[in-house]
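A.B. asks: what follows is a protein structure lacking sequence information:
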């Protein structure tokens with residue numbers, strides 16, 4: 001069995017995606033997004049890189065870039 005424990009950044013990513021996706025029930029969408037993140041993490045740990053293919057990789061990378069910029073102080077808001 002694989003155990004995934006999301007950190008604060010993953011929780012923020014899941015919430016951010018739920019907002020962008022315009023979900024009526026954000027809690028349900030957030031849970032689904034966390035499931036995607038869990039699957040992504042599982043694949044990173046157990047599958048060779050050549051087998052990775054993410055449908056929403058671009059959106060995840062945009063959020064990662066935004067979060068990193070905020071973390072290092074490039075964006076103020």
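C.D. replies: Ah, there it is. Everything quoted here is computed from the prediction, not taken from an experiment.

A.B. asks: now do the helices in this protein.
C.D. replies: 8-20, 26-46, 57-71 (DSSP state H).

A.B. asks: lowest average pLDDT across those?
C.D. replies: Among the helices of the chain, helix 57-71 has the lowest mean pLDDT, at a mean of 60.

A.B. asks: residue 8 versus the nearest residue to residue 2 once chain neighbours are set aside, what's the distance?
C.D. replies: What sits nearest to residue 2 in space, not counting adjacent residues and going by C-beta to C-beta, 6 or more residues apart in numbering, is residue 42, at 5.2 Å. C-beta: built from backbone N, CA, C; applies to glycine. Distance of residue 42 to residue 8, computed by C-beta to C-beta, to the nearest Å: 20 Å.

A.B. asks: who's more crowded, the two?
C.D. replies: residue 42 (13 against 7; other C-beta atoms under 10 Å).

A.B. asks: isn't the more buried one up against residue 3?
C.D. replies: No. Look at residue 42 against residue 3 with C-beta atoms under 8 Å: they stay out of range, at 10.0 Å.
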